[in-house]
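Student: what follows is a predicted protein model with its sequence.
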Amino acid sequence: MTYDGFVAVSAKQKRSRGPNRETPWRRRPEDGLSILRIALDTHDPVQRRRIEAMFAGAYQVRRAVQRAARNKTRAYWCAYHERQRDPEAVRDRLGLTRKALERVAYKCLDKAPHLRRYVSKALAMHLADSVFSATERHLFRDARGRRSGLPRVGHWWKFHRLPGRACSHTKARKWESFRLHGTLAGHRAAYTDGAGRFVQPRHLRPVESDAWWRYEGPLAVVFSGLADGTLVLPVRLPTAPCNQPILDHHLADPSRWHKVDLVRTRDPNAPGGWRYEAHLLVLTEPYASPATVARRARVAIDAVDRVAGIDVNVSNVTVASHEAGVAMRLGRIERDPPRRQRAHRRERAERRRKRALDRSRRAMNVAQYQLSKRQEKRARRRAAAGLPPVQVIPAGPRVARSDRVPLQRYRRDQLSRSYQRVRAALVADAAADAQARRAHAREVAAEVVHTHGYRLVVEDTSIAAWSRSWGRAVAAFSPGMLVAAIEREARAVAAIAGSCDGGVRRVSTYATALSQHCPCGARVDKTLADRVHVCTACGLRGDRDAVAAVLASFVVTSGEVDYDATRAARASIVRLLHRSNPYQGWQGTLTESNDLSAREGSCLTWSMSTPDTASRTVVVARRTVGTAASPILNEPGIRQTTSERARWRTDMFPRAGPSWLCSLRDNP
């Protein structure tokens, strides 16, 4: 209908004008999602001071928003009766919403105009959104019925990330807080020498441009909207040939660049003590090498009928698999002796650094610590003798109140430059160790899936509960990280195979109790100290973890063990457990005593008790003849047994010299 040149729009017709009336953009799940870490060059002191000031200003804004969110959350939980009637109205009244926290961040900028020099309103909004995300995890339960703790005010040393704004995929040339400009081809062309090699100098050249949307030179992270001008940080890409396919996969198509976050990490060797990176979120699948893709494709075809079970332990992971009860395989993942030795050396170095940090803190804050009992006794002796007191570093407890709360907070202590350097080195080494563990977990996961297939079953246990009892052992082996890596690898293979039941399936321990049952169906109660499975009903004997892994591989969709299938495959299970026993024959015989043992390669021992064989109550198995190819169960060492070591151990050397020289324990 037309009235005087105007068109009357029907009420049923959907309005297409105005803000937020267009169809919102949504990410397609099939596009994938991956993150590329890009190093930034901050050798320019001017740019480095600007980025340090940006982090300092952003930390002040974030801390103010966190305090406001914490106070509002406490008020929300105190309004019990009002919250029972309408919790959403209470949150709106208290300002416990995303928009309200964003207004708190804007108010901080209005009350502190000096922060506008380094923090824009867009960055303040993103900081408030990150605080609300943490608050939201506390207010609402997740899918497992759990909620996070009360929002806390973060520390300066734990503030590592400046969140960026996602790129607009519906409107061209829409500016974000952090933006990656340039092209990969332009970056390689700018840093290619005369021989055609991709080489970057130690200090990258400054990047400048008047039109960033048409810029095609070396890559750079740009932040606009600041009072001091645009912040430009050159990008340093890896130049190794093995990394070039990864760069091509993530940086070849700029239309897939979605978001850039600025991240800093403690590094004592970097200028200013911080290493800065840009985390680029790319709408593409994570990179996989051609060899990895081919291996996963072979596993998707070869292991289509194979089912595996995983038994997770504090210090090892056992995996067993089969194909319809036949072609069984068994493997165990544990730390080898060289890796244990490296971990032991790393722990010793970490303890030395922590002791040095404690001494430095005590030396800089003498008034906050008491003297130890030995130091007090020495001071009393010197005072009684008329000697002047000696200035010492107090080794006693912290000066505290009657309820053991320190009079001064630790963050108020004075710290020396050496303390900060040692602490930064400690954090950097811990991060490097965690990265090495993740890389090793990926390698082990690839081997496990290649051997046992991509359909795995594991009991749903709590690794956090184990940490309360075996904290150091769990941290040294990291079974949760290993299972997570296996799950990611299995899902990747299942995606290639087009299987909907691929991956790691978790079953309840209440319904299965794998460690307390036998493949015959009988229940065999065992404590944690019982590491050998012995069934009195069918006579099956084997390693406890191996039996549990075998039973896990026979768990059906309902979450229960198919004992009919395990009984039918009993012959294969017995052969599998027999092959998995590393100690067979006389080499598994224990020695006659559990006292101090003779060291390998040494001929001097100490006196110890010997069982009374005359009373016929103890049977002693003596090793008097023969050689062994490797150390037995209760002997140290990983080397192959030589004839010389065998003679020392089996009393086959000549009786020359004093009698005490050959007083080995196994001598007759």
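Tutor: Yep, it's here. Remember, predicted model here, so these are calculated numbers, not experimental data.
Student: which parts of stretch 301-308 are buried?
Tutor: For stretch 301-308, a neighbour-count test (16 or more other C-beta atoms under 10 Å) marks Ala303, Arg306, Val307, Ala308 as buried. In this view, the C-beta of every residue, glycine as well, is placed from N, C-alpha and C.
Student: how about the nearest residue to the first one once chain neighbours are set aside, what does it touch?
Tutor: Closest residue to Ala303 apart from its sequence neighbours, by C-beta to C-beta, 6 or more residues apart in numbering: Gly453 at 3.4 Å. Under the criterion of C-beta atoms under 8 Å, 6 or more residues apart in numbering, the contact partners of Gly453 comprise Val299, Ala303, Arg306, Val307, Ala308, Ser321.
Student: which regions of the protein sit below the pLDDT cut-off?
Tutor: The chain contains residues with pLDDT under 70 at 1-22, 175-176, 580-668.
Student: what sits against Asp525?
Tutor: Gln516.
Student: now it: how far from Thr509?
Tutor: As judged by C-beta to C-beta, to the nearest Å, Asp525 and Thr509 stand 15 Å apart.
Student: now do Leu96
Tutor: Relative to Thr509, and taking C-beta to C-beta, Leu96 is found at 38 Å.
Student: again, but for Met125
Tutor: Relative to Thr509, and taking C-beta to C-beta, Met125 is found at 45 Å.
Student: helix or strand: which one has Arg165?
Tutor: Using DSSP states H and E, Arg165 falls within no helix or strand.
Student: quick one: contacts of stretch 248-261?
Tutor: Identification of contacts with stretch 248-261 by C-beta under 8 Å, 6+ apart yields 27, 31, 34, 36, 161-167, 169, 176, 178-180, 183-184, 219, 221, 278-284, 287.
Student: list only buried entries from the residues you listed.
Tutor: Among those, those scoring as buried are 34, 36, 162-165, 167, 176, 178-180, 183-184, 219, 221, 278-284, 287 (criterion: 16+ other C-beta under 10 Å).
Student: just the strands in the stretch 251-400 of the chain please.
Tutor: Secondary structure of the stretch 251-400 of the chain by DSSP state E, counting those that start in this stretch: the strands cover 257-266, 274-282, 307-312, 316-323, 326-334.
Student: could I get the ones you listed as a markdown table with distance to Ser372?
Tutor: Shown next, in a markdown table, are the strands of the stretch 251-400 of the chain (distance: least, C-beta to C-beta, whole Å):
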| stretch | distance to Ser372 |
| --- | --- |
| strand 257-266 | 32 |
| strand 274-282 | 37 |
| strand 307-312 | 43 |
| strand 316-323 | 41 |
| strand 326-334 | 41 |
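Student: tell me the most buried of these?
Tutor: Among these, the stretch with the highest mean neighbour count (mean count of other C-beta atoms under 10 Å) is strand 307-312, at a mean of 25.
Student: residues making contact with that strand?
Tutor: With contacts defined as C-beta under 8 Å, 6+ apart, strand 307-312 is touched by 317-323, 452-453, 455-459, 461, 463, 479, 483, 486, 504, 514-515, 545-546, 548-555.
Student: could you point out which element follows the longest helix that the chain contains?
Tutor: In the chain, assigned by DSSP state H, the helix with the most residues is helix 417-452. Downstream of helix 417-452, the next assigned helix or strand under DSSP H and E is strand 455-459.
Student: show me the contact partners of that following strand.
Tutor: With C-beta under 8 Å, 6+ apart, strand 455-459 has contacts from 303, 306-312, 319, 483, 486-487, 490, 494, 499, 501-509, 512, 514, 552-553, 555.
Student: any idea how the protein splits into domains?
Tutor: Following automatic domain parsing, one gets these domains for the chain: 29-282, 299-339+433-580, 343-375+390-422, 592-668.
Student: in TSV: those, plus distance to Val293.
Tutor: Converted to TSV, the domains of the chain look like this (distance: least, C-beta to C-beta, whole Å):
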stretch	distance to Val293
domain 29-282	12
domain 299-339+433-580	8
domain 343-375+390-422	33
domain 592-668	37
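Student: what's the closest of those domains to Ala384?
Tutor: Ala384 lies closest, by C-beta to C-beta, to one member of those: domain 343-375+390-422, at 14.2 Å.
Student: for beta bridges, what are the partners of Asp543?
Tutor: Beta-bridge partners of Asp543, counted by DSSP bridges, are Val532.
Student: surely it meets Arg579?
Tutor: No - Asp543 lies out of contact with Arg579 (C-beta atoms under 8 Å); the separation is 11.1 Å.
Student: of those two, who's got more company?
Tutor: The neighbour comparison of Asp543 against Arg579 (other C-beta atoms under 10 Å) goes to Asp543, with 20 against 11.
Student: please enumerate the helices of the stretch 101-250 of the chain.
Tutor: Along the stretch 101-250 of the chain, the segments classed as helices by DSSP state H, counting those that start in this stretch run 121-139, 184-190, 244-251.
Student: quick revisit: any idea of the angle the longest helix of the chain forms with strand 257-266?
Tutor: 130 degrees (axes from the mean of the first three to the mean of the last three C-alpha atoms, to 10 degrees).
Student: doesn't Arg411 belong to a helix?
Tutor: Yes - secondary structure of Arg411 (DSSP: H, G, I helix; E, B strand; the rest coil): part of a helix.
Student: just give me the neighbour total for it.
Tutor: Residues contacting Arg411 under the criterion other C-beta under 10 Å number 9.
Student: pull the number of nearby residues for the residue lying closest to it once chain neighbours are set aside.
Tutor: Spatial nearest neighbour of Arg411, excluding adjacent residues (C-beta to C-beta, 6+ apart): His155 at 7.2 Å. Using other C-beta under 10 Å, His155 has 10 neighbouring residues.
Student: got it, and Arg541?
Tutor: Using other C-beta under 10 Å, the number of residues around Arg541 comes to 14.
Student: show me what contacts it?
Tutor: Val532, His533, Val534, Cys535, Leu577.
Student: and what of Asn313?
Tutor: Asn313 is in contact with Pro479, Asp545, counting by C-beta under 8 Å, 6+ apart.
Student: got the phi and psi for it?
Tutor: phi -130, psi 170 (degrees, to the nearest 10).
Student: what about Arg342, distance to Arg437?
Tutor: Separation of Arg342 from Arg437 (C-beta to C-beta) stands at 12 Å.
Student: show me which of those two is the more surrounded one.
Tutor: Arg437 (16 against 13).
Student: which residue is the nearest non-sequential neighbour of that one?
Tutor: Excluding the flanking residues, the one nearest Arg437 by C-beta to C-beta, 6+ apart is Ser478, at 5.8 Å.
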